Each structure stands twice: as C-alpha cells, then as structure tokens.
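In: Quick one: sequence plus predicted model below, questions after.
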Amino acid sequence: MALDSAHPATPAPATPAGQAPAERPSPTSRLRLLGTGDGVITLVLVVFLLVASFAVEGFASTRNTGFLLLDVVVIVLIALPLTLVIVTGEIDLSVASTVGLTSAVMGQLWFAGLPLEAIIPICLLLGGVLGAVNGLLVTRLGLPSLAVTIGTLALYRGLAFVVLGDRAVADFPRSWTTWALSGIGATGIPVVVVPLLVLIVLTGVVLHATPIGRSLYAMGNSEDAARFAGIDVGRTKLWLFVVTGVVAALGGVYWTLRYGSARADNAQGLELQVIAAILLGGVSIFGGSGGLVGVLAGALLLGSLRNALQLVNVPSDVLNIVTGALLIVAVVTPQIAARFRGRRPRGRPRTP
Amino acid sequence: MSSSTKAAAPAPVDVAPEHTGGRGAALVQRLVVVRELGILAALLLLIVATVIANPRFLSGQNLRDLLLSASILTVLAAGQTIVIVTRNVDLSVGSVLGLSAYASGTLLVNAPGTPVVLVILAGMAVGAACGLLNGAIVAIAKVPSLVVTLGTLYAFRGLDSLWASSSDRLQINAADLPTGFKSLAGARLLGVPLLFLIALAVVLLVGFYLRNYRSGRELYGIGSDPAAARLSGIPVGRRVLLAFVVNGALAGLAGVLYAARFQTLDATAGTGQELFVVAAAVVGGVAIFGGSGSVYGAALGALLLTTIGTSLPQLGLNPFWRDAAVGALILAAIALDRALSLRLARRLRGRNLRGA
Amino acid sequence: MTSFLSSRRLRGGLTGAAVAALVLTTAACGGTTRGEEEGGGSAGEASASANPDAEIPSGLKISFLPKQLNNPYFAIADGGGENAVEEIEGEFSEVGPSEASASSQVSYINTLTQQGVDVIVTSANDPNAICSALDQARAGGANVVTFDSDTDPACRDLFISQATSEGIAQSQIDLMAEQMGGAGQVAILSATANATNQNAWIEIMETYAAEKYPDMEIVATVYGDDEDEKSFQETQGLLQTYPELKGIISPTTVGISAAARYLSGSEYKGKVALTGLGTPNQMREFVKDGTVTAFALWNPEELGYLAAYAGAALAAGQITGAEGETFEAGELGEYTVEADGVVVLGEPTVFNADNIDDFDF
Amino acid sequence: MIPVPGETCQPRSTGVHIRVLSVASVTLDTAGRYPYGLRHTPCETFHTSEAVTLEPAPAHPAPGSVVLALEDVSKSFGAVAALRGARLELRAGEAHALVGENGAGKSTLVKILAGVHGPDSGRVLLDGAPVTLDNPAAARAAGIAVIYQEPTLFPDLSVAENIFMGRQPLTGGRRIDRRELAARCRALFERLGVTLDPDRPARGLSIADQQMIEIAKALSFDARVLVMDEPTAALSGVEVERLFTVARSLRSSGAAVLFISHRFDEVFDLCDRITVMRDGQWVSTDPATDLTVDQVVRRMVGREVASLFPKIDVEPGEVVLEVRGLTRVGVFADVSFDVRAGEIVALAGLVGAGRSEVVRAVFGVDAYDAGSVRVAGSQLRQGSPAAAMAAGLALVPEDRRQQGLVMELSVERNATLTRRWKLARFGLLSARSERATAADWTKRMQVKAGKLSDAVSTLSGGNQQKVVLAKWLSTDPRVLIVDEPTRGIDVGTKAEVHRLLSQLAADGMAVVMVSSELPEVLGMADRVLVMHEGRVVADIPRAQADEDSVMLAATGQAGRPAVAS
C-alpha cells in the first residue's frame, strides 16, 4: 500500500505549505440531511428564539412574528439564489443595486401609465438581463466575479438614479401594497411567506437533491474536476447569475410594494446583510460547502437578533457592532475549532 | 492501422532559454505604461471635454478644489493597494476613516492646543489599531479578508456612532475646532493645496516602499502566489498583518485629513467610501486577486474618479450619472486588464513555444 | 445531457415558480394602472370626539423616532421633547436608525408598535414608505405625530410644522434679496429631492421671488442629500457652473454649514451671499468671519417640545386632530390645530452677528 | 542498439560526457523489455560509434562528514502514515539519490527537509545537532535549498526577483539595489548557461525555464544541502546536463546534493550513494557502485515486477474513435489516429509532447482549432465533455487531485458525479440510490474506504484512482481514455489497474492510454503512438514496440533507421 497518498504527482506547490490536503475537514457530513450539518447555527437560532421569547417582552407574539418575517423576507428571497452562486465559488455583490434599479424602473413605468401586470414581467426580465451582464462578464470574459459585481453594484445603482433621480413614486394601488403586508388570517404570518416557502423548498431541493445541486458543489470545490466530469461550468454559472438577477428583481418589485414607494435608493446596502446571513449560515465564501438550512437559520438569527435588541431599546449602533462581530465569530469559530481538533484550517488562497 | 511509422518532420529540437531573452521586460514595461497611460489619457480626455463645456474648469480655484477632493481618496487608495496586492481586501476603510476623524476631532475639542503633527499621529494610531484587528483576524484565524472586513465595516461604524452618541457632542463643528488645525484645509504650498501634497507624499512613499524594499516585494510575492510565498520562507502572516496595519494607519491619516477638510464631524464620515476606494485601485490597474499593480495607478484612479464627480455636472450631465460612470469604469478597467494580460501571455508564450 | 439541461431546468424551476406566483395574484385584478386608483385611505379621520378638558395622564409612553440618530438637529429636537415628557411625567424614549432610510425607520415603527407606546413622534424619511407601518401602529393604539418632515396626512394624527411653509420660504427670499441687492442669479442647495418640506418651500420660494423680486433669477436647485461632503461638493459645483452666481439659499442645516465652509475657504467668500436654515452653533463661526450675514431657523428644541405636548394631548383625548381644536403646550402656550391636522410652531427666528451668541443649539 | 555498460557518450550540443549505466545487468521481463521506470538519456552515441569516447567519468571527491541526517522520522496525515521511521544521511560533497516508488514517502521527506511539514516523531540533525525546521525560512537559514518538481514561482514578479526574493542585494539605506540584483542574476545565468532576461516576469515561462530559475535560486545562496525533487521530469537532455553540471560543481565545493528521480540512468550518473524507500520506510543505503539497477528496482518494489502487465490478447473490432487532423495552435498539430474496440492504444512521448493536451481536446475539455473527432462514426461536437460522455467517451485525467476528483466531496458523491442525471428520478436524487450505486461500484473496484460518506481525500492514492475509474466505468463508455492511469499509486493497485484495463479491452472497450512509463506502455499497448513536440511521429504495433523504437521516436529521431516499418 502506498502511504504517501497525500502527495502523489503534485508536489508541494499545489497546496499551501503546512496543509496536508488529506487533513482538510470534510464538509461531506454537512451535506447530509438537507445541509443540516450546519446544525450549530440552527441550534443557536433555536436557543436564541427560546431565550428571547421568555426574556424579551413582546417578542413572542403573532404581531411581532409578522414584523420580523416582513423584515427578513427580501433578505431570505435574495439569499436563495445567492447561496447557489456562492456555493459555486462566485459572488454577486450587485443584488441590492438590482433591487434598486428594478424599483426605480418600476416606479418610472408606473408613472408612465403602464399597468402593473405588464410592469412586473418587464422588471423580472430586466433583472434577468442585469444578471446576465454579470454572468457573461464572469463566464465569457473570465473576469473575477468579485470585481465585476463591485462594478455593477455601482453601475446599477447609478442607473437607478439616472432612471428615477431622487424622486419617489408612491401612488401604487392600495390593494397591492396592502397585500404585500397582509397576514394569513390572524396568524400574523405575512401572506408573502407562502410563495417564499415555495421558493425555499424549490431551492433546497435543487441544491440538495438534484443533479444540479451536486454539480454546484463539485464546481465550487474544484472547477477543473467538475469540467472533467462533464459539467458545463460556464453555462451553469451564467444561468445562476441570471436567476439571481431575476430573483433580485422580484425582491425589488416586492420591496416597492411593501414600502409603497419606488425609489432609486431602495435596499441600499442590502447586499451586505444578505451575504452576512449566508456566511453566518455556514456557507464558505470560497464555495463548495454549506447548506440552505444554515442560510435560513442565519437570516432568521440576524433578523430576530435585531428585532429582539430593538425591543429592549438597544441602540442601532450596538446592533451594527453585534452584526459585524457575529459575522466574524461565525467564520473564525470553525477555524479555531478545527485547530483545536488538531487539524489545520482549510483556506484556499483563491479569493481575498 | 498497420504498423507504419509516421515520419512527420518535427521542428528542430531547440532549447527554450535562447528564445526568451531580451524583449520580455520591454514588453511588460510597455504594457504597464500602456495601462497607466490609459488612465491618464482617460483623465485628460475628460478634462478636455469639460473644459470645452466650461472653460472655468481649469481655473485655479477649481483645480485646487479638485486636488483637494481627490486627496482623501488618494490616501485611502494608496493604503488599499498595499492590501489588495497581497490578495486581500479591506472593506472597513470607510468606517476606519470615520472613527479616526471623530477621534481626532474629539482630541482637538478636548485639547485645542494639540500640535497638528500629534493629531495626525493620533489619527493614524487609531487607524493602525483597527488595521491590526483586521490583520490579526485575517492572518491568525486564516479567515478570508472580505468577510472579516465586511464584519468590521459594521463594527467600526457602530463603535463610531456609539462613541458619538454617548459623548456630549454628536457633531463636532467648525467652531469647535482650533483655527490652526482648520487652516490645514486652505493651506497651500506654491499654490498647491497642502492636503494634496500630503496625499502625494503618501503615494510616493508607499510606491517607493513597495518597489524598493524587500518586505514590499514580498507583499507582491504573497499576492502573486501565496503557496509559493510560504515555500520561499516569506513570513506570510506577518507581512499580511503589516499590510493591514499600514492600510489602517493610512485610513486613519485620511480621517485626519477629512476632519481638516470638512470640519464637520459626526458618526457618518466616510460612509460608503470603501466602494470608491476599491474602485480607484481597480481602475488604476491593481489586480483584485493580488500580485500586480502600482500605487501610482491607484492614485491616478482616485484622481479620475474624483474628476468624474466634478465634471459630470459641468458637462451638463445629471450628477446621478456619476455612480453609473464609476461602475462602468470599473468594468472597463478589469476587462482591459484581462485583455492586456491575455495578450502578454500569448506573446510571451509564443516566444518560448517550440515546434508544433 | 448534463449541465445545459440542468441549468435550463434550474432557471425554469425558479423563475417559473416566481412568475406563476405573481401571475396568480395579479391575474384576477385585470390591468392595474396609475390614475384609476381607489380613493385615498380613510385612516386619517379621527372617529372619537375630543374632550378638551381631559387631563394628561402620567406615565404616557412617548417615543421619538427621528430620521436618523446622531443628527445634531434631531438630537436637539428630541431633547426638547424629552423636557416636555418630563413635565407631563411620561416615559420618554428615543430610537432610530443610524442611517436615514425609510426601511429601517419602518422596522423601528414596528418595534414601537410592539412595545405598545402611546405616542410616536417621528420625522419621515419617505412620506409614503413608512405609512403602512404607521397605520399599523395607530391600529395598535398609538398616536402618531410627525414633525419637521411630514408623511401622507392620512397616516398620522398631527403634523407639527416648524413654521408655515410660506413663512419659511418668504423669509429666506427676503433675507437673500437684502444681502444680494435683489437682482442676479441665485441657486438653491436642498437636502434630498423627495423631502416633502424642502420641495414645498422651494416651490413657494420660486413663485414668491418671481412676484416680489423679478430681477432675482433662481437658476438651479441641487441636492446635497443632507450629507456634509456631498453638500460641500455640490456648492463647489454650483460656483463652477454659474460663475455669475450672487447667492445660495440652503434651506437645510447640513447644506448651509457645508456651503458656508466651502465659501469661507474659497475666493468667493463675501462675494457670494449665503442664507438659509441653520443652527446657531454650526453657523457661529461663519457669521463671525463674514461669510454669512444672516440666516433663519425655528428653534428645534421648541419643535420637539411642542410635538411631545401635541402627542400627549392626543393620547389624553384633549384633541383628535380635527381642525380648530386647541391644546396647551406647556410654556409655549396654546396652539390651534389647522387644516389637515397641521400645528404651526411659529415664525422662524433670524440670526445675525448681533443675536447669535444668545442661542446655544 | 543497446549501449555497452561503462561506455560514455557525447550528446550533440554539449561537451559533457554521460556515463552509460550498467544496462546489461538489468533483468528483462518476460517480453524481453526493461522493467519499470527505466529510461535512457537520449544520446546519439547509441547509434554511431564515432562520438564515443572512452574518457572516464569525472572522479568524485571523497565524501566528507555528515551534514544533514534524518533519524527515525514518522509523519502521518490523518489516517495515512506517509513516513514510518524514515532515515536519511547526507554527507558533505556527496550526491545522494533517494529512490522509491511513487507513494513511498519521498515527497513527504523532502517537505520535512524543506520545513513545510514538521515530523510527528524522530529527529532532524544538522551537523550532528538536532534542529527544528518548522518553516521554510528556517530550512533555508540552515542552508537547505529545495528544487521542487513543479516550480514555485511568483508569476507577476520578475525573474531576478524570483531568484532573490527576500535576499535581494541592498544599498546603504536597506533599499533593493536593482542594478546589483540584475548583475547577480546575470552572473548566475552565465554560470548556468541560460540567456533569460532578468527583468521579464516569470509568467509565461516554459516549465524548463522555470526550473532553471529554481536552480538559479538554489545556486544563489550557496546551499550546503541541495534537494532536487524530480527536477528533470520536464527537462530536455541538454537542460538535464546543465543541471547536473551545476549539481556536480556544488558537490565538489562541498555541498550535499539529494537527488530524487525515477530515471536510473541519471541516478547512477550523478550519485555516489543511493537510499531506497518503500512504504514510508527506509530500505537501504548503499554506494551506487555496489548496486545495479536491477537490485534497486527489486528493493523499491519489494516483489517480482513481471506480473505487472497481464495483457490479454484480443482481436480488435470496429473502429470506435477516429481522430483526424486535430490541431491546437502552439500545442499540437495534425494529430490523427484510430482506435478499435478491444484495442489498447498507448500515447507515448516525453513530458510536454502534447499527449495529455490531445486527449483533453478529444474529450472536449479543451478547444481545438482544426480537425475532427468521431465516435462510432458520428462527429463529436467540440468543447463539450457532456457531449463526449453522451457519445460514450470517458476520460480518467492526468491529475487525479485537481481534475479527477473533487477532493473535499465524499467517496459516494465522487463516484456518482458522472451519473447524477441517470440516477435521478423526475430530476430528484435519492441518497439511497446514490449510495447503492456508489457501494456497488466501490465494491466492484475493490476500493478500500472507511465510509462512503468520507471525503475522498482521506483515501490512499490507489484507492482514489479506483474511485475515478469507478466514476467513469459506471457511465458504461465505449472508449476509455486513461491519462497516466498508475501515476502515484502503489504496486499492488497498479497491477489491479492493469488487469482491469486488460479485461475491459477484452470485453470490447476501446482504451486510449497516455503514459510516461515505458514499461507500462510496452506491457499494455496493442499499439503505441509516439508523440514528439505536438505531433504523432510514430505508430508502432505491439510486436515491434520496444524501448529503443519508442524512445527514438519520442526524442524526435524517428527518421533514423532504428524503427522497422
């Protein structure tokens, strides 16, 4: 038996010094059971919800549940496709700008007298185009998605202002805007949660129980190996970016209706919250690992933490500090834990 | 499929080294120059167009304003270059700037007699401390800097506003600041704003360091190939930490310059700057995945972005176009970099291919 | 067989479901276009009748939700509110986002609703975006008073106006005309383009100037977004674009101080007049160094003070927000509710080198 | 054709003499071929007698004291023990060979010397005193220079900076003295006989040039110990000789040279002593003069090697794969060949001849500029591995870790990755069917794995290769392309793989095998296609294929009458 299996054909340079590839913690266990291996974050969420329900007055009520869910709906919505993108090792920072541009276009078209039934498909199409721009630049020209989407982050937000300026269009029909906020009966759970749940289940199934999901993890871990296994990496990524654009546009439409106000600066900075939720949910920024359950738990944890702290009158500054610290703790803890288990952390020098 | 020998005439066995000498360096040099001249050309084009639209654009006052506006972004871009070159990124610079600006303002309010140099040092120390935290987490915990600095972007800003709201001064106004400090903003040397000269000095120093010192070159090595850097015995962790600390200190310096220039300091100073800083570096030809790019390019990028901001209204364009223009510029810059590097690779490869 | 199919399925699945969900909900409505909107909301109408003699109960929970925390102007206004709440022995709280966005304001309104506060005193970042949240708060029993920047009148009980729009707009035009001699180009440096109050003032300024000072030409309105740096740069841009500019009016505290700072450090100092709305503390230096001759402002502390009392009066049932009702606002005396539930604080104060040292806010 | 032992020959372009190793003592296998791993340095004196000189090879200076020693060093990665009580002793002024099969632990040992890995137990002694080499800088400070098989350069930095990184000459102000830097670099290149521009970036250099930079780097700090881990794999004869000249001069100046290679001719040519390793353990250390290639091979393998190639004779069937005029500019040109059902066709040639590139293009991973690929008569769309798979092609790639497997995914995910659509029902995968399939195939392939849900990176190289084979065989291909099928795996598995390939061909599969191991090529192939510099230069049937005919074609001397038509 060969014992030097850790380093056969490729010598040292293939892996960072000091890291024997064989020692990398296996994410495989994590991938089982719909990604519930990110049970830690789910556990934290459950514990937090329990504690908050008892300790924070007004936290555990139907009305507050509604408020909380409404606050995280768009974050969760955009996190769905973005999780897939990050699993493949790419990133899309332009999602919030896509929300803003969609919202601005929606406002402008509404202002011009188009019916909403026509505006919404146009907006979704627009989102697809915006996503395709990202996707084409990344997959066809081979540019790093980080730089590309920093560029389109500025570009799309700028175009949003070009389209609508500093104006706000706010006279959307009340029946629509109320629908966006309405609850299911007396449960306090917003109606939009239902289609969102459908999308969540769909995304979860796609990611964890279909051949597509398998290929996403494969290309996130090793693009080469995925290509050699017959996976069309470029095309898959391109479509992921398109889907992300469409879903972000959907988020833009919903955002506009929910606040009843189409503005170019809608959802400014939302990308950070979405990415924070995804990373908190245990998805590796380098791709290849993480699951949707963790992401949902991450988004809910951020949302309910914010909600609970607001209820006990913690100032917003502290909320920001907590959010930032949580994000760092979420990525540092596994590394430290791995080291304590006597394993070196994994860390591929791919993305800054 | 029988057994014949296909005697294709192979190219003569030639030894690679003989091919590759000579023009490689010249080629690279030319491409680098092309890259930086490109930004310069874009800048000149913009200025010419603006001057045609509004001849007053070249007035002394306006040029001074332009340089003044560019100086803070330039300092930040210089710092960011150091970090990006190592295949990292620091998104927290806007928040660090805010923290340092507020800190130096508070220092001046409480001790109006503090010499300007000391204020600058204090601001840089605040920034360096933030950079140390970023760098330590990145280097020791081996966590991607994008995530870490995204976190500290929130955290430092929160700290800043917490400090502002818990002190008795939410906003430090011009009237609260000593005249000596405020005169920095208007001070000129040979007609050039002092703040810009400071920024220029920073750029030259950083550029000189990155080019002429061993540790500076090692930063490029780390970004170029982190694994090779480790095998070469470069103390990667320590160098990355250093890069973050220096970047933090420069963001701190930018904070002091901000305080001097705007003289109205609250917890929102520098919000959203990170985008423009990274944009300036990328537009200036600093590769986002490290290893190449110069601080001079980044400084030119900063100047270009600032000029866009001031010339759009004068070209009769809605200032809302600015963000869009910045975004388009970033995309154009990375696409150009890609095209140039592909061309370079093809030329260099063509040179040492044998046969076939 | 693999990825092409896979990606197509992926896309088909996701967008198909998304579109289907939307289509289902929209199909029933037929074409919904602008202009065929159902009648405005009726939430604004007060149903209960007022009892002018009702006592203000102690322990009222009154919360201030400014556009943004850590903004000195709102800090002062909220301070005024806190004084008033102390006087009526209520519970004061101040909450708010660290960035001036409507969406985070909504989140805070929800929190206040959930906490069951009696009065929400807020200044809107977007007149419409926070409306439904305010409606919910009112449905939950809270009284909503807006100040400084109003929402759609339908979603609040009272709006405490710092001054009548006419009063503010005209006083600034008068001040400007006085400083620049009544003729020449003038520009306006505003806050954000959809700030309700700003736009109302600017509209009045334009008509008033056209009537009273026909030689005064308002050449541009630019927006500094209530950000210091942006306002600074916009000022710079104005002077570039309009070399003949004689004066700048900035009806926002952030804008006027940024503009003053720019002017004082430039060759335009003393040549280009500047007036608008500013706080004495921010402007003291520029009044003293001659950049600015005079500017105006109401007292934000009094604004907050009045808002708190108005809220308390609503909560106590003294008033319902109907036109003509009156209430006592502590040391400020009696106020009357005007049409659309507006209460006006009074005329703005003009500050100049003679009186500026009498004020500290 | 076979040179006489002890004969010295003179390659065309250098004045250096190469001592021909004791070829006659090699035990030939049953087919009359050289055993595993044996290669010749191409040298035309094999064919013409006029260039032969009888000068003795340069005398080696007497070895001195022990500079560096490893004592009883062990190192494990997870469950895999890479080194178990390894030993090594390097003396000043000696060239020492470290040989062993792939997977014997040589690379791990090198990394311990380089300070990349710390040993779990055992000692490293420098001049007799224990040292801790816990990072590469420490190793370098101890005077140990390492040249890796694959160069480790900074592509964005200049050639000169790559050589002197961290040790650039300084001026008074601790600034880098660029002029001095370039001068020293040029001096080094002169010593090496290289004409590279010191200021050009390392990006885009050929592997050989990069290797030269690595050598210059090692040379630049007057190492006391020079470790060369298979440095010659990508070098031409001239470049190898250049390297050896440097190594000899270092040796004669008192440094210790540790040379790791599979090329025994080079080993015997350069080295004074030979240490053999097997299974992470030390086997023997003896003076080179006391050993024959045969003995070394036996010690490395630890068993008879003849059973390695159980080729079954098959009557070839229809043409399944037709490649016509395949060209990728600058990489390979006008490559045409046919493969029939039941046939094993080997693609042989030197490293860099374009073999892997051709099969990658055939499979659709790389694009090509001209030509066509037909499978069972129908044209294959280019640039699409999915289309190739659908047509019945399978490629077991060269680099198992980067291309063959997704190292961090589980065994079962890897094994079923190519069949994920076939396993899905209504687009959905069930964990059970995946596991069942994976279990079935891993059993068939006799993969030794702890759990199927373990990351594939925890397996040994041989078992990893079996997972790759399982992954592809489960697609039921008509044409199986295997690129270096036995690289880096142990002898037992190697034989299994060979038996498998042979059986598959017997069952009617067409097999294309790219291999750098001549014995494997000669032992397994029905036909050998030899590539040289991007072209197929010879097509040799099994009966006529021997070491010489293949090597001559591979070195571009196919025109010589060495190969019978």
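Out: Right, received. Where do you want to start? Numbering: from 1, shown residues only, chains lettered A, B, ... in the order given.
In: Tell me which residues are up against stretch B:52-60.
Out: By Cβ atoms under 8 Å, 6 or more residues apart in numbering or on different chains, the surrounding residues in contact with stretch B:52-60 are B:47, B:50-51, B:62, B:191, B:311, B:314-316, C:240-241, C:243. C-beta here means a position set from N, CA and C on the backbone, and glycine is covered the same way.
In: how about CSV for those residues, with distance to D:Val528 added?
Out: Formatted as CSV, the contacts of stretch B:52-60 follow (distance: Cβ to Cβ, whole Å):
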residue, distance to D:Val528
B:Ile47, 67
B:Thr50, 70
B:Val51, 72
B:Asn62, 76
B:Gly191, 79
B:Ser311, 69
B:Gln314, 74
B:Leu315, 70
B:Gly316, 73
C:Gln240, 78
C:Thr241, 79
C:Pro243, 84
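In: Follow the chain on from the helix or strand harbouring C:Ala220 and name the next helix or strand.
Out: Element membership of C:Ala220, judged by DSSP states H and E, is strand C:216-223. With elements assigned by DSSP H and E, the helix or strand that comes after strand C:216-223 is helix C:228-241.
In: Report all helices and strands that the strand or helix carrying D:Val246 contacts.
Out: Assigned by DSSP H and E, D:Val246 belongs to helix D:237-252. Packing contacts for helix D:237-252, counted by 3 or more Cβ pairs under 8 Å, 6 or more residues apart in numbering or on different chains; DSSP states H and E, involve strand D:95-100, helix D:178-192, helix D:207-220, strand D:225-229, strand D:256-260, helix D:264-270.
In: Can you check which of these gets nearest to chain A?
Out: Nearest to chain A among the helices and strands packed on helix D:237-252 is strand D:225-229 (5.8 Å), distances taken as Cβ to the nearest Cβ.
In: could you give the angle of that closest one to helix D:207-220?
Out: 170 degrees (axes from the mean of the first three to the mean of the last three Cα atoms, to 10 degrees).
In: Strand D:225-229 and chain B, any residue contact?
Out: No - judged by Cβ under 8 Å from any Cβ of the partner chain, strand D:225-229 makes no contact with chain B; its nearest approach is 11.7 Å.
In: related to what we said a few turns ago, could I get the helices and strands packed on helix D:237-252 as CSV with mean neighbour count and mean pLDDT?
Out: Formatted as CSV, these follow (neighbours: other Cβ atoms under 10 Å in any protein chain shown; pLDDT from 0 to 100):
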stretch, mean neighbour count, mean pLDDT
strand D:95-100, 26, 89
helix D:178-192, 17, 86
helix D:207-220, 23, 81
strand D:225-229, 26, 88
strand D:256-260, 26, 90
helix D:264-270, 23, 82
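In: picking up where we left off before, are any of the contacts of stretch B:52-60 buried, and which?
Out: Buried members of the contacts of stretch B:52-60, scored by 16 or more other Cβ atoms under 10 Å in any protein chain shown, are B:47, B:50, B:62, B:311, B:314-315, C:240-241.
In: now, which of the residues you listed sits nearest chain A?
Out: B:Leu315 (14.3 Å).
In: That closest one is in contact with B:Ile47, isn't it?
Out: No - using Cβ atoms under 8 Å, B:Leu315 is not in contact with B:Ile47, being 10.9 Å away.
In: Flag every buried residue along the helix holding D:Val246.
Out: Within helix D:237-252, judged by 16+ other Cβ under 10 Å, the buried ones are D:237-244, D:246-248, D:250-251.
In: Which parts of the stretch 251-361 of chain C are strands?
Out: Using DSSP state E, counting those that start in this stretch, the strands of the stretch 251-361 of chain C run over C:273-276, C:294-297, C:326-328, C:334-336, C:342-344, C:349-352.
In: can you tell me which residues contact the closest residue to chain A within the stretch 201-350 of chain D?
Out: Here the stretch 201-350 of chain D gets closest to chain A at one residue, D:Gly280, 4.1 Å apart by Cβ to the nearest Cβ. Each residue near D:Gly280 by Cβ under 8 Å, 6+ apart is listed here: A:3-4, D:74, D:81-86, D:104-105, D:108.
In: Mark which of those residues are part of strands, please.
Out: Counting by DSSP state E, the part of the contacts of D:Gly280 found in strands is D:74, D:81-86.
In: Which one among the residues you listed sits at the bottom for pLDDT?
Out: Minimum pLDDT for the ones in strands among the contacts of D:Gly280 is recorded at D:Ala81 (77).
In: what about that residue, how many neighbours?
Out: The tally of other residues near D:Ala81 (other Cβ atoms under 10 Å in any protein chain shown) stands at 20.
In: same check, this time on C:Ile204
Out: 19.
In: quick one: it from chain D, how far?
Out: Counting by Cβ to the nearest Cβ, to the nearest Å, the gap from C:Ile204 to chain D is 62 Å.
In: and the closest residue to that residue other than its chain neighbours, what does it touch?
Out: Once flanking residues are discounted, C:Ile204 sits nearest to C:Ala169: 3.7 Å by Cβ to Cβ, 6 or more residues apart in numbering or on different chains. For C:Ala169, the contact set (Cβ under 8 Å, 6+ apart) comprises C:200-202, C:204-205, C:208, C:251.
In: at 6 Å instead, please
Out: C:201, C:204-205 (Cβ atoms under 6 Å, 6 or more residues apart in numbering or on different chains).
In: Of the ones in strands among the contacts of D:Gly280, which is the nearest to chain C?
Out: Relative to chain C, the closest of those is D:Ala82; by Cβ to the nearest Cβ it sits at 36.3 Å.
In: Excluding residues flanking it in the chain, which one is nearest the closest one?
Out: D:Thr108 (4.1 Å).
In: Go ahead and confirm the one you found touches D:Ala81.
Out: No - D:Thr108 is beyond contact range of D:Ala81, at 9.9 Å (criterion: Cβ atoms under 6 Å).
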